[in-house]
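A.B. asks: Give me coordinates for this.
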Amino acid sequence: MTNAGKVPGREVLELYLSKPNGVLEQPARELAAFEKTQLLSPGRSVYISLAVPLSHMASFDEARSAFVVCGGEYGVYLGGSVREAVRIGSFTVPTDITVREVKARMYPNIPFTRLSRRDAANTYPTGKLSGVAENVHELMPKRREAERFSHPVLPRSGKRLTFADVLANESLLPEFVAGMDVHTLARLAICAGHGWRVEARGEAGRLYRADGLDLPEMIVADGNSGVNLKEGNIGMPSGVTLASSFDKKLMEKVGRVIGEEARELGVQLILAPGMNLHRNPLCGRHPEYFSEDPYLAGVMAGSFCRGLESAEVGGCYKHFLANNAETGRKRNQSVLSIRAIRELYFRAFEYALEIHEPVSVMTSYNAVNGLFTSCDPELIEGLLFDECGFEGFVMTDWNSYDSADMAEMAAAGNSWITPGSENDTYVREIEAAVRDLRLPLGQLQENVLRLMRGLIKFERLRQNASV
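C.D. replies: Numbers count the residues shown, from 1 in each chain. Here you go, the predicted model:
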């Protein structure tokens, strides 16, 4: 690429693919890779290489429950935007290539008509399934069945361990968690309240530091565009503005600056980046979220989080999944095809995880295909932990229990239910769920083990910073 102008400048190079429009309908063009130049003086050239992994070319075939690179001709387009991109070549895939088979999960709970470019007039959405349902006081319709996951109860050794012991020898973590009684496990699984009172400093929540465990502090705060405390700090441009730059390095620097300020303000985890898709103008969070494109959103979120955690502060991908409306968000249901989940909504999180795995992920308030996301084991245990191999912990969005069931949230794999309180109001609900067998003890132990693994990561980040 050459700067043919008269002044220094930068340019973004975007690569788009057109896929064969066969059994699986395809968009006209799909963003597959991009890169931004450094500042180029007039007449200066730079060589840019763009690569597209085979897995990024795949489409999701619901009939086979698999990601497939469809056979046929692929067009390659290059330019500074989708409108400017010109066709520079093509290649042919002789036959379908199955990239990855997955388990059938999160399928829609009600039938609906899908928009088709082959018959747009008769398939265009009419809104019959949208709107506020009158005199309905629970999620309807609910998914009839959801996949269940089991975690064995950890055997107790009788040793009394502290978090310091675990830091010295991480293999002791299961034994450390196994030594906790149900009350302690439940207490750790509930956030210890927030700092949004008039006299407080504005943190979103903090870990309950149970007696005798020697746990470090974990204070969390919002922070897509700065550390959201009642203290002065640098305000950054909105997420959608930053994503429009197509500048991964800039996004990483923004994350690092926010992380550095969070560290100085005594915050261990920033509840960002928010990275849902711009799918509906009624969402209300678009200044915070990045893009309508899953690849751009995922790459920018991963870059932001990598910068954030390079400053020894944890990050959190949110809101997981398909938060498409802020009004009535705790009672809203997103009904989606599984292909839309796999190629768009969840794919954005997968792209981000490929770049950087954060300390945590936050579920959303809404339901998807018949279950609240915070109560959906197929989403949390299935897609995130089983398929992606996620090694962090999952938390709920604040006050999700206004509409979602506490025991179901814990049983689905949430390690931290927020914002909770300093007393045992919400803790008692978790203890009762264990007694009633609605929440398996092994699942509660696994949730807390994942939370403790996050604390270990914080401590390792701090130790690296002090070296």
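
A.B. asks: mind listing what residue 423 touches?
C.D. replies: Listed by Cβ atoms under 8 Å, 6 or more residues apart in numbering, residue 423 has no contact partners. C-beta: built from backbone N, CA, C; applies to glycine.

A.B. asks: Need the three-state assignment for it.
C.D. replies: coil (DSSP: H, G, I helix; E, B strand; the rest coil).

A.B. asks: Residue 361 too?
C.D. replies: strand.

A.B. asks: Look up which residues are beta-bridged to it.
C.D. replies: Bridge pairing for residue 361 (DSSP bridges) gives the partners residue 317, residue 394.

A.B. asks: That one - how many residues pack around it?
C.D. replies: 27 (other Cβ atoms under 10 Å).

A.B. asks: go on, residue 171?
C.D. replies: Quick note: residue 171 (other Cβ under 10 Å) scores 7 neighbours.

A.B. asks: Might one say that residue 192 is in contact with residue 210?
C.D. replies: No. Counting by Cβ atoms under 8 Å, residue 192 does not reach residue 210; the two are 10.0 Å apart.

A.B. asks: which of those two has more neighbours?
C.D. replies: More neighbours surround residue 192 than the other of residue 192 and residue 210, with 19 against 15 (other Cβ under 10 Å).

A.B. asks: How about the more buried one: what's its closest non-neighbour residue?
C.D. replies: residue 208 (3.9 Å; Cβ to Cβ, 6 or more residues apart in numbering).

A.B. asks: same thing with residue 288?
C.D. replies: Nearest one to residue 288, counting by Cβ to Cβ, 6+ apart, is residue 274 at 4.4 Å.

A.B. asks: Quick check: bridge partners of that neighbour?
C.D. replies: Under the criterion used (DSSP bridges), residue 274 bridges to residue 318.

A.B. asks: Tell me who's in contact with the closest residue to residue 355 other than its chain neighbours.
C.D. replies: Once flanking residues are discounted, residue 355 sits nearest to residue 302: 2.7 Å by Cβ to Cβ, 6+ apart. Counting by Cβ under 8 Å, 6+ apart, residue 302 makes contact with 351-356.

A.B. asks: just residue 412 next, same as before
C.D. replies: Contacts for residue 412 (Cβ under 8 Å, 6+ apart) come out as 374-377, 379-381.

A.B. asks: and the nearest residue to it once chain neighbours are set aside, backbone torsions?
C.D. replies: Residue nearest to residue 412 in three dimensions, not counting chain neighbours: residue 377, with 4.5 Å by Cβ to Cβ, 6+ apart. Taking degrees, to the nearest 10, you get phi -70, psi -30 for the backbone angles of residue 377.

A.B. asks: what pLDDT does residue 377 get?
C.D. replies: What the model reports for residue 377 is a pLDDT of 97.

A.B. asks: before we move on, the earlier item: kindly present the contacts of residue 302 as TSV, with separate columns for distance to residue 163, secondary structure and pLDDT.
C.D. replies: Converted to TSV, those look like this (distance: Cβ to Cβ, whole Å; DSSP: H, G, I helix; E, B strand; the rest coil; pLDDT from 0 to 100):
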residue	distance to residue 163	secondary structure	pLDDT
351	34	helix	98
352	29	helix	98
353	27	helix	98
354	31	helix	97
355	30	helix	97
356	25	coil	97
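
A.B. asks: Name the member of those residues with the most neighbours.
C.D. replies: Going by other Cβ under 10 Å, residue 352 tops those with 28 neighbours.

A.B. asks: How much space separates residue 37 from residue 47?
C.D. replies: Distance of residue 37 to residue 47, given as Cβ to Cβ, to the nearest Å: 10 Å.

A.B. asks: which residues are in contact with both of the two?
C.D. replies: Here residue 37 and residue 47 have residue 1 as joint contacts, going by Cβ under 8 Å, 6+ apart.

A.B. asks: mind listing the helices in the stretch 151-300 of the chain by residue range?
C.D. replies: Remark: helices assigned in the stretch 151-300 of the chain by DSSP state H, counting those that start in this stretch are 163-168, 173-178, 182-189, 239-243, 248-264, 294-310.

A.B. asks: now those helices as a markdown table including mean pLDDT?
C.D. replies: Listed next are the helices of the stretch 151-300 of the chain as a markdown table, based on pLDDT from 0 to 100:
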| stretch | mean pLDDT |
| --- | --- |
| helix 163-168 | 96 |
| helix 173-178 | 97 |
| helix 182-189 | 98 |
| helix 239-243 | 94 |
| helix 248-264 | 96 |
| helix 294-310 | 97 |
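
A.B. asks: which of the ones you listed sits most buried?
C.D. replies: Ranked by mean neighbour count, the helices of the stretch 151-300 of the chain are led by helix 294-310 with a mean of 26 (mean count of other Cβ atoms under 10 Å).

A.B. asks: Could you tell me the angle between it and helix 248-264?
C.D. replies: Between helix 294-310 and helix 248-264, the angle comes out at 40 degrees (axes from the mean of the first three to the mean of the last three Cα atoms, to 10 degrees).
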